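**Student:** Output the structure for:
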Amino acid sequence: MRRLEFFTTVLAFTLCALGAAVQAQPAWPQKPIRIVVPFAPGGNTDSIARVIAERFTQSLGQPVVVDNKVGAGGAIAAEFVAKAPADGYTLMMAAMPVMAVLPVISKTNFDPLKDFVPISNVGSNPFVMGVHKSVPANTVSEFVAFMRKNPGKYNYASGGSGSVSHLSAALFVKRAELNMTHISYKGGAPAVTDLLGGNVQMYFGNFSELYPHVSGGNIRIIGVSSDKRAAQLPQVATIAESGFPGFKTVTWNGLMAPAGTPAAVVARVADAVKEALASEGTHTKFQQMGVDAIGSTPKEFADTLRADIAIWSEAAKAANLKME
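**Tutor:** Below you'll find the predicted structure:
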C-alpha cells in the first residue's frame with residue numbers, strides 16, 4: 001500500500017508540474033508578426049500578403065506587417081526567413097518561382113524542403129496564353145497548326161530568362177514541337193508592351209497582366225495553363241484539353257515558416273488563413289487579381305511543393321537552363 005501511495009503521489013506531482021509548465025508558456029502571438037515578401041510592392045505576391053496581413057491583424061490580435069526584401073530572384077528573402085528564429089513571428093509569403101524554380105536553376109543558400117515548414121497554400125493562379133491579333137488563331141490548336149507551317153518565323157516573349165513565364169512557354173513549345181524564338185524582357189510589363197505592338201507573337205502571363213488589354217483588340221487570350229478553366233474566362237479552353245493532356249503550370253503564393261516552428265503555431269496560422277479566405281471581401285479581392293483562394297493544410301502544401309519542384313525541373317530542361 002505504501003508503495004502504491006508513493007507512486008500515486010509521484011504521478012500526481014508530475015502531472016501538476018506538466019500542467020504548470022503548459023500554463024507558463026505564453027499563448028502565441030504575444031507581439032507583432034512579420035510577413036516577408038520576396039518581391040517589390042505592387043505585384044500579386046505583395047498584394048496577397050497585404051490582404052492576408054490585414055485579416056491576420058484582426059483575427060490574431062497583433063499587428064501583422066509586410067516586409068519586402070527584394071533581390072536575387074527572391075533568394076534574399078528566402079535565406080532571411082530560413083535563418084530567422086523558429087518562433088512564428090517571422091513568416092514568408094512564399095512564391096512558387098522562389099521555392100520550386102530558383103533552386104533548380106541557381107545555387108541557393110536555402111533548401112525549400114529542409115529549411116522551411118509549409119503552413120498553407122493561400123492562393124494560386126494559372127497563366128494565360130496571349131497572342132497578337134496578327135496571328136490567325138483563336139484556339140491553341142489553331143495556333144499550333146499555324147506555327148508548324150511557319151517554323152522559325154515567330155517569337156514568344158517572357159518576363160526574363162528562367163522566369164515562370166519563360167518556363168511555361170518553353171515547356172509548351174517543346175511539347176507542341178514548335179520552332180519559335182524566345183525573346184527575354186526585364187519583367188512582364190515590357191513583354192506585354194511588345195506583345196501589344198506585335199513585336200512578339202505569344203506570351204504566357206498572369207491574368208491581371210493580359211486581360212485588361214483584350215478589349216483593345218490587339219491581343220487574344222486563347223489558352224489557360226491550369227487543369228481547369230479559369231472562372232474569369234470560362235469560354236477559353238485549357239491547354240490540357242486542347243491536345244496536350246497533363247499540361248499544367250500554375251503559380252502559387254503560400255505562407256511558410258522557418259523549420260522547427262512549433263506545430264501548434266503552424267496549425268494556428270493555417271486556421272487563420274482559412275478564416276481569412278472565408279471572408280467575402282478577401283474572396284472579391286483575390287478574384288480581381290485573378291487568384292483562386294486555396295487555404296490548404298500544411299501537408300497538402302508540402303505535397304504541392306514537392307510536385308512542383310519535379311514539374312519545373314522538367315520545364316528548366318525544356319528551356320535549356322543550367323544551374324548557375
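**Student:** is it true that Ser165 touches Gly159?
**Tutor:** Yes - using Cβ atoms under 8 Å, Ser165 is in contact with Gly159, at 4.6 Å. Where C-beta positions appear, they are placed from N, C-alpha and C, glycine not excepted.
**Student:** got any residues that touch both of the two?
**Tutor:** Contact with both Ser165 and Gly159 is made by residues Gly188, Ala191, Gly205, according to Cβ atoms under 8 Å, 6 or more residues apart in numbering.
**Student:** What is the nearest of the residues you listed to Leu255?
**Tutor:** Gly188 (23.9 Å; Cβ to Cβ).
**Student:** Can you report how many residues lie near the closest one?
**Tutor:** 23 (other Cβ atoms under 10 Å).
**Student:** Please apply the same query to the one 5 residues further on.
**Tutor:** Per other Cβ under 10 Å, the neighbour tally for Thr193 reads 14.
**Student:** Secondary structure class of it, three-state.
**Tutor:** helix (DSSP: H, G, I helix; E, B strand; the rest coil).
**Student:** for the stretch 151-300 of the chain, what spans make up the strands?
**Tutor:** 155-158, 181-184, 202-206, 219-224, 250-258, 292-293 (DSSP state E, counting those that start in this stretch).
**Student:** deepest of the ones you listed, which one?
**Tutor:** Counting by mean count of other Cβ atoms under 10 Å, strand 202-206 has the highest mean neighbour count of the strands of the stretch 151-300 of the chain, with a mean of 27.
**Student:** what's the angle from that one to strand 219-224?
**Tutor:** For strand 202-206 against strand 219-224, the angle by axes from the mean of the first three to the mean of the last three Cα atoms, to 10 degrees is 70 degrees.
**Student:** Figure out how far strand 202-206 is from the centre of its chain.
**Tutor:** 16 Å (Cα atoms, centre = their mean, to the nearest Å).
**Student:** and if you look at stretch 103-110?
**Tutor:** Relative to the chain's own centre, stretch 103-110 is displaced by 17 Å; criterion: Cα atoms, centre = their mean.
**Student:** pLDDT averaged over it, what's the number?
**Tutor:** Stretch 103-110 shows a mean pLDDT of 90.
**Student:** Check stretch 297-306 too.
**Tutor:** Confidence over stretch 297-306 (mean pLDDT, whole number) is 96.
**Student:** Which positions within it qualify as buried?
**Tutor:** Of the residues in stretch 297-306, Thr297, Pro298, Phe301, Ala302, Thr304, Leu305 count as buried by neighbour count, 16 or more other Cβ atoms under 10 Å.
**Student:** okay, the residues you listed in CSV with distance to His283 next?
**Tutor:** Formatted as CSV, the buried residues of stretch 297-306 follow (distance: Cβ to Cβ, whole Å):
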residue, distance to His283
Thr297, 19
Pro298, 22
Phe301, 20
Ala302, 25
Thr304, 21
Leu305, 24
